[in-house]
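Asks: Dropping a prediction and its sequence here:
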Amino acid sequence: MKVKEYIESGVLEACVLGSASEEETQRLLQLKKRYPEIQEALFQLEVDMETFAQHISIPPPTGMLEKIESGINALIIPEEIPHVTDRESNNRHDYGSRNQFIEVEAESSQMRVHKTWRWIMAGIFVLGKIFLIAAIYYFLENRQAQEQIQQLKTELKQYHK
Amino acid sequence: MVKHGEALLQTKPVSIYTLYDSYSAMLLGYIHEVVKDQLVAEEYLLKTFNTVAKKFNDINWYESNNWAQLLRLAKIELTPIHDALRSCETPALVSKEHTITNRYLDKMTDEQRLVFCGIYYSKKTTAQLSKEINKPGEQIKTLLKEAFSIIRESNES
């Protein structure tokens, strides 16, 4: 298989533009996996296609996105709309105002928390350790003091006798 | 280097909005070149995005070129227009006089332009063009390859 000749034949261009035969397209899909040069050439062709398309691009008029949104919402039930209800959508548009209900029962058993909680939890953990050590220390101190008092009392009794 | 950049870009999740932001102008430009009418082009852009939404989950947007996918869907929507153009087409349709000023097309020879526009805008196959201009299929592919080389070279210069 002469890869360079194959790339130079123009069959890649024909396939990328969808004008090649089914047989040629299938062969290219197989060869693409085997030869990185072909994959690289295909990638370059896709870049060229985008470059050409950018040159003739026409910005859509304002309101086009809203028309597309309403068209999609009219066509597809909300569950099937890809990414329309995600956070990005909520940031860009007041989509939430159309959704009158807030989901209160999450399906997942896991909970998502803000990253700052990591430091708060670490702080609580460290403080807990400090308090525990302090409590043990004062408990031992106290026990020693009690023993000393007891000893002193005994000594005092002996002295009085 | 370029592939690394592509990988970085692809970390952004694909949605109807990202596709619209990146490609709506390119799609409208392409459709406008086919239908030659702004309002009709906008109507087909709308139809194309409706089709994108319908087929969104069937397409692997992360492992394929997004522009190629959108172009494919736009071409499907434009099939009636392509058929109508084909039935009444004259060679003048792809001549310099009938296309908007395009620095890439202007650098192509008449044959290269005929092949490139025939495939890109009129959705013709290499076999159809081969029969139409009476040249072997290999030569059609070579002309197409040359057209792409002109686009690449014009972009680099």
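Replies: Looks like it came in fine. Worth saying up front: this structure is predicted, and the values here are computed from it rather than measured.
Asks: quick one: contacts for the residue of chain B found nearest chain A?
Replies: In chain B, no residue comes nearer to chain A than B:K141, which is 3.0 Å away by Cβ to the nearest Cβ. Heads up, the C-betas are built off the backbone N, CA and C, glycines and all. Contacts for B:K141 (Cβ atoms under 8 Å, 6 or more residues apart in numbering or on different chains) come out as A:S9, A:G10, A:V11, A:E13, A:A14, B:T126.
Asks: Tabulate these (CSV), appending secondary structure and neighbour count.
Replies: Converted to CSV, the contacts of B:K141 look like this (DSSP: H, G, I helix; E, B strand; the rest coil; neighbours: other Cβ atoms under 10 Å in any protein chain shown):
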residue, secondary structure, neighbour count
A:S9, coil, 16
A:G10, coil, 25
A:V11, helix, 23
A:E13, helix, 29
A:A14, helix, 26
B:T126, helix, 28
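Asks: which one of those residues is nearest B:P136?
Replies: Nearest to B:P136 among those, counting by Cβ to Cβ, is B:T126 at 9.9 Å.
Asks: Verify the stated contact: that closest one with B:G137.
Replies: Yes: between B:T126 and B:G137 there is a contact at 5.3 Å, judged by Cβ atoms under 8 Å.
Asks: how much space between the closest residue to B:T126 other than its chain neighbours and A:V11?
Replies: Leaving aside its chain neighbours, B:T126 sits nearest to B:I140 (4.6 Å; criterion: Cβ to Cβ, 6 or more residues apart in numbering or on different chains). Counting by Cβ to Cβ, to the nearest Å, the separation of B:I140 from A:V11 is 11 Å.
Asks: Now for chain A, the helix or strand with the poorest mean pLDDT.
Replies: The least trusted helix or strand in chain A, going by mean pLDDT, DSSP states H and E, turns out to be helix A:87-92, with a mean of 49.
Asks: immediately after that one, which helix or strand?
Replies: Remark: after helix A:87-92, the chain's next helix or strand is helix A:116-160, criterion DSSP states H and E.
Asks: Let me know the average pLDDT across that following helix.
Replies: For helix A:116-160, the mean pLDDT works out to 93.
Asks: tell me how far it is from the chain's mean position?
Replies: 47 Å (Cα atoms, centre = their mean, to the nearest Å).
Asks: Could you find the closest non-adjacent residue to whichever residue of chain A sits closest to chain B?
Replies: Nearest residue of chain A to chain B (Cβ to the nearest Cβ) works out as A:G10 at 3.0 Å. Closest residue in space to A:G10, ignoring its immediate chain neighbours: B:K141 at 3.0 Å, by Cβ to Cβ, 6+ apart.
Asks: any idea which element the residue nearest to B:T126 lies in?
Replies: With DSSP H and E as the test, B:I140 turns up in helix B:137-156.
Asks: could I have that helix exported to PDB, CA atoms only?
Replies: Only the C-alpha atoms of helix B:137-156 are listed here, as PDB (Å, rounded to 0.1, in the frame of the first residue of the first chain):
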ATOM      1  CA  GLY B 137     -13.000   9.900 -12.200                       C
ATOM      2  CA  GLU B 138      -9.300  10.000 -11.300                       C
ATOM      3  CA  GLN B 139      -9.000  13.400 -13.000                       C
ATOM      4  CA  ILE B 140     -12.000  14.700 -11.100                       C
ATOM      5  CA  LYS B 141     -10.400  13.700  -7.800                       C
ATOM      6  CA  THR B 142      -7.100  15.300  -8.900                       C
ATOM      7  CA  LEU B 143      -8.900  18.600  -9.700                       C
ATOM      8  CA  LEU B 144     -10.600  18.400  -6.300                       C
ATOM      9  CA  LYS B 145      -7.200  17.800  -4.700                       C
ATOM     10  CA  GLU B 146      -5.800  20.800  -6.500                       C
ATOM     11  CA  ALA B 147      -8.700  23.000  -5.400                       C
ATOM     12  CA  PHE B 148      -8.000  22.000  -1.800                       C
ATOM     13  CA  SER B 149      -4.300  22.800  -2.200                       C
ATOM     14  CA  ILE B 150      -5.200  26.300  -3.500                       C
ATOM     15  CA  ILE B 151      -7.300  26.800  -0.300                       C
ATOM     16  CA  ARG B 152      -4.400  25.700   1.900                       C
ATOM     17  CA  GLU B 153      -1.800  27.700   0.100                       C
ATOM     18  CA  SER B 154      -3.900  30.800   0.000                       C
ATOM     19  CA  ASN B 155      -4.400  30.500   3.700                       C
ATOM     20  CA  GLU B 156      -0.700  30.000   4.400                       C
END
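Asks: Please point out which parts of that helix sit buried.
Replies: Within helix B:137-156, the residues that count as buried by 16 or more other Cβ atoms under 10 Å in any protein chain shown are B:137, B:139-148, B:150-152, B:154.
Asks: go on, stretch B:118-135?
Replies: B:118-126, B:128-130, B:132.
Asks: Could you dump the residues you listed into JSON lines and include secondary structure?
Replies: Shown next, in JSON lines, are those (DSSP: H, G, I helix; E, B strand; the rest coil):
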{"residue": "B:G118", "secondary structure": "helix"}
{"residue": "B:I119", "secondary structure": "helix"}
{"residue": "B:Y120", "secondary structure": "helix"}
{"residue": "B:Y121", "secondary structure": "coil"}
{"residue": "B:S122", "secondary structure": "coil"}
{"residue": "B:K123", "secondary structure": "coil"}
{"residue": "B:K124", "secondary structure": "coil"}
{"residue": "B:T125", "secondary structure": "coil"}
{"residue": "B:T126", "secondary structure": "helix"}
{"residue": "B:Q128", "secondary structure": "helix"}
{"residue": "B:L129", "secondary structure": "helix"}
{"residue": "B:S130", "secondary structure": "helix"}
{"residue": "B:E132", "secondary structure": "helix"}
